[in-house]
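Undergrad: starting from these lines, generate the structure:
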Amino acid sequence: MSKLLIGIDFGSDSVRAVLIGAETGETLASHVHNYRRWAEGLYCDAANNQFRQHPLDYLEGIESVVRSVLKGVDPTRVAGIGIDTTGSTPCAVDREGTPLALRSEFAENPNAMFILWKDHTAIAEAARINEYAKSRGGVDYTMYEGGIYSSEWFWSKILHTLRTDPAVRESAFSWVEHCDWITGELCGRTDPLTMTRSRCAAGHKAMWHESWGGLPPESFLTGVDPLLAGLRARLYTETSTAEVPVGTLSPKWAAKLGLPESVVVSGSAFDCHFGAVGAQIAPYELVKVVGTSTCDILVAPDVKTCVRGICGQVNGSVIPGMIGLEAGQSAFGDVYAWFKRLLGYAGEISIAQLEREAAAITPGSTGILAFDWFNGRRTPDANPHLRGGILGLNLGSSAPMVYRALAESTVFGARRIIERFREEGVPVRAVSAIGGIARKSPFIMQMCADVFHLPIKTPAADQACALGGAMFAAVAAKVHPDLNTAMEKMGAGADRVYEPVQENSVLYENEYRRYLALGGLLEEEAMKHV
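TA: This is a model prediction of the structure:
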């Protein structure tokens, strides 16, 4: 019997697992587990941009999804597990690598939990990192992070916690990304000084780079804030790409999951990077993971410059031996969900209904223009101070008209990312889109094709991120010799291609130019009040 692989994808709201046949790529089973505490709104304060997740949600979730996909399956056929998570989602840990929230005295303290990617409580700390990096002379340690360090990332979140919570500051021996901790937990390798650290997480979010020997030096970190003194020595120097195994299941987790201890756990990465692999990414193809936010991934054999305003470029963060480049938008589907909530006071209305009515409106015919910065802007050029906006309303403006304008704004923001890559000498020759919106909204996908002037391919895989995890697991467990072979054997191909409609492209072009011009003015005004 052929070997089986398990891919596990930890998202913002839930964790899902797929059971994949190694030779055919067939999905034999899948299961989704919603985080219970997160669903109850615990430990979060959206008005203050605080989004925290309890590690118990992750531990309960992984046991649930793995047990579910294994029903009726001979567990000895499973060769490996590959895991991706959101990121940057760091957490304070003790000397043994236990998240502080798993200790009784911190069980209800949000600062002792995983700080979700979209938590923006560390805006001041990100500003301090950027200020110091640009003012001190010498190496700019943000250069491979797009030149602007974000409040969504590793060091900003750590520093904010150290500044605001003395109890956590005193008890935190080190810090771990979710993707590193969960693989280490499964293998019984949670010692912060020796646990495997993801090249993807370190390079894109923690200013790790080979050219300066790993993480930024102690002198830089203490210059940012003396509270960071000594932490670098309790973190890491080396990182691993995701095809390198972390280890095999510990006896504890083999028993919990109902699997043999021989099952290999591959290295980890962030969800969008594994999703790009699951979508069978090719050089200079942009793979967009389109959901509540977007994460855009591109790989290239070489990049001659440090691309400005993106979320990093890291050797091996996606495909071993290639440069992985990441960009994205802080809000995409979240914008549509906000509008639906806003309309909820007037009665029940669905996104699908709004889309049907918005699709019937000619592009550029309403005069309404929106801006997608409801959660700040991630790329190009991170700016957490920006806010969304809607211009051009009158008493005849309808909900479908406004919805169309909001949709256009998110797609215009996506095009700006493509243009930035090209401005920096990195071609974008093709675009694929995965994730919930890519699969559920032909309206948005067709709009992307029209605005980008490019065909948009949607891969057939339902769970591309988890499939990417299974592909990495296949390599780590030596079921396939390399990632290209795993992608070829296990890939699902495309199920649809959206071709640009020329007459729509012309109409959108005018609106896009308005978006750029008025967006520049809106940003200028916003920054006067920072």
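
Undergrad: regarding stretch 365-378, how distant is the last residue from the first?
TA: Length of stretch 365-378, first residue to last, CA to CA, to the nearest Å: 29 Å.

Undergrad: quick one: that stretch to chain centroid distance?
TA: Its chain's average C-alpha position is 21 Å from that of stretch 365-378, according to CA atoms, centre = their mean, to the nearest Å.

Undergrad: pLDDT of it, averaged?
TA: Mean per-residue pLDDT for stretch 365-378: 95.

Undergrad: list the buried ones in that stretch?
TA: Going by neighbour count (16 or more other CB atoms under 10 Å), the buried part of stretch 365-378 is 366, 368-378. Bear in mind the C-beta positions are built from the backbone N, C-alpha and C, glycine included.

Undergrad: any weak-confidence spans in this protein?
TA: 345-347 (pLDDT under 70).

Undergrad: quick revisit: just the ones in strands from the buried residues of stretch 365-378, please.
TA: Using DSSP state E, the members of the buried residues of stretch 365-378 that fall within strands are 369-371.

Undergrad: got CSV for these, with distance to residue 260 too?
TA: As requested, these are exported to CSV (distance: CB to CB, whole Å):
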residue, distance to residue 260
369, 58
370, 53
371, 53
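
Undergrad: looking at the residues you listed, which one is closest to residue 413?
TA: Nearest to residue 413 among these: residue 371, at 8.2 Å, using CB to CB.

Undergrad: OK, contacts around the closest one?
TA: Shown in contact with residue 371 (CB atoms under 8 Å, 6 or more residues apart in numbering): 386, 388-390, 409, 515, 518-519, 522.

Undergrad: among the residues you listed, who's most crowded?
TA: Within the contacts of residue 371, most neighbours by other CB atoms under 10 Å means residue 409, with 27 neighbours.

Undergrad: do you know how far residue 357 is from residue 443?
TA: Per CB to CB, to the nearest Å, residue 357 is found 10 Å from residue 443.

Undergrad: repeat that for residue 162.
TA: 45 Å.

Undergrad: same question for residue 370.
TA: 16 Å.

Undergrad: the strands in the stretch 101-250 of the chain, which residues?
TA: 114-115, 174-177, 245-248 (DSSP state E, counting those that start in this stretch).

Undergrad: chain center to the shortest one: distance?
TA: Its chain's C-alpha centre and that of strand 114-115 lie 14 Å apart, by CA atoms, centre = their mean.

Undergrad: follow-up on the earlier one: quick one: which of residue 357 and residue 443 has more around it?
TA: Shown here are residue 357 and residue 443; by other CB under 10 Å, residue 443 has more neighbours (19 against 15).

Undergrad: packing partners for the one helix or strand that one maps to?
TA: Assigned by DSSP states H and E, residue 443 belongs to helix 442-452. If contacts are counted by 3 or more CB pairs under 8 Å, 6 or more residues apart in numbering; DSSP states H and E, helix 442-452 sits against helix 351-359, helix 399-423, strand 430-434, helix 436-440, strand 456-459, strand 494-498, helix 502-527.

Undergrad: buried set for that helix?
TA: Of the residues in helix 442-452, 443-452 count as buried by neighbour count, 16+ other CB under 10 Å.

Undergrad: looking at those, spot the one nearest residue 307.
TA: residue 452 (18.4 Å).

Undergrad: return the set of buried residues in stretch 48-65.
TA: With the criterion 16+ other CB under 10 Å, stretch 48-65 contains buried residues 49-65.

Undergrad: among the residues you listed, which lie within strands?
TA: 52-53.

Undergrad: taking the buried residues of stretch 48-65 one by one, which sit in helices?
TA: 55-65 (DSSP state H).

Undergrad: quick check, nearest of the residues you listed to residue 423?
TA: The closest of these, once distances to residue 423 are taken by CB to CB, is residue 58, at 39.0 Å.

Undergrad: that closest one contacts residue 14, correct?
TA: No. Residue 58 is not in contact with residue 14 according to CB atoms under 8 Å; the separation is 10.8 Å.

Undergrad: give me the common contacts of those two.
TA: Joint contacts of residue 58 and residue 14 (CB under 8 Å, 6+ apart) are residue 35.

Undergrad: name whatever forms a beta bridge with residue 177.
TA: When bridges are called by DSSP bridges, residue 177 pairs up with residue 90.

Undergrad: quick one, helices of the stretch 201-350 of the chain?
TA: Secondary structure of the stretch 201-350 of the chain (DSSP state H, counting those that start in this stretch): helices at 218-224, 251-257, 271-278, 333-343.

Undergrad: tell me which of these sits nearest to residue 202.
TA: So among these, helix 271-278 is nearest, using CB to CB, at 12.5 Å.

Undergrad: contacts for that closest one next, please.
TA: Contacts for helix 271-278 (CB under 8 Å, 6+ apart): 7, 9-11, 82, 84-87, 200, 242, 287, 289, 295-297, 299, 317-319, 324, 326, 328, 434-435, 459, 461, 463-469, 471-472, 483, 487, 491.

Undergrad: can I have the buried ones of those as a PyMOL selection?
TA: In PyMOL, this line selects whichever of the contacts of helix 271-278 come out buried by 16+ other CB under 10 Å:
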select buried, resi 7+9+10+11+82+84+85+86+87+200+242+287+289+295+296+297+299+317+318+319+324+326+328+434+435+459+461+463+464+465+466+467+468+469+471+472+483+487+491
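
Undergrad: so which of the contacts of helix 271-278 are in strands?
TA: 7, 9-10, 82, 84-85, 287, 289, 295-297, 299, 324, 326, 328, 434, 459.

Undergrad: so residue 31 makes contact with residue 17?
TA: Yes. Shown here, residue 31 and residue 17 form a contact pair, counting by CB under 8 Å, at 5.7 Å.

Undergrad: common neighbours of the two, please.
TA: Residues within reach of residue 31 and of residue 17 at once, by CB under 8 Å, 6+ apart, are 65, 68-69.

Undergrad: make a markdown table out of the residues you listed and add distance to residue 269.
TA: Formatted as a markdown table, the shared contacts of residue 31 and residue 17 follow (distance: CB to CB, whole Å):
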| residue | distance to residue 269 |
| --- | --- |
| 65 | 18 |
| 68 | 24 |
| 69 | 21 |
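
Undergrad: residues near residue 454, how many?
TA: Residue 454: 19 neighbours (other CB under 10 Å).

Undergrad: so it sits against residue 500, correct?
TA: Yes. Residue 454 lies in contact with residue 500 (CB under 8 Å); the separation is 6.8 Å.

Undergrad: and the residue nearest to residue 14 when sequence neighbours are not counted, what are its phi and psi?
TA: What sits nearest to residue 14 in space, not counting adjacent residues and going by CB to CB, 6 or more residues apart in numbering, is residue 34, at 4.6 Å. Backbone torsions for residue 34, taken as degrees, to the nearest 10, come to phi -80, psi 140.

Undergrad: wait, residue 34 sits on residue 11?
TA: No. Contact criterion CB under 8 Å: residue 34 and residue 11 do not qualify, at 9.9 Å.

Undergrad: quick one: which of the helices of the stretch 201-350 of the chain is nearest residue 73?
TA: Distance to residue 73, taken as CB to CB, is lowest for helix 251-257 among those, at 12.1 Å.

Undergrad: in the closest one, what counts as buried?
TA: Judged by neighbour count using 16+ other CB under 10 Å, the buried positions of helix 251-257 are 253-254, 256-257.

Undergrad: ok, of those residues, which one's closest to residue 351?
TA: residue 257 (36.1 Å).

Undergrad: contacting residues for residue 176?
TA: 90-91, 93, 97, 99, 184, 192, 195.

Undergrad: sorry, wrong one. I was asking about residue 482.
TA: 243, 320, 475.

Undergrad: neighbour-wise, give me the winner out of these.
TA: Ranked by the number of neighbours (other CB under 10 Å), the contacts of residue 482 place residue 475 first, at 27 neighbours.

Undergrad: that one should be in a helix, yeah?
TA: Yes. Counting by DSSP: H, G, I helix; E, B strand; the rest coil, residue 475 is found in a helix.
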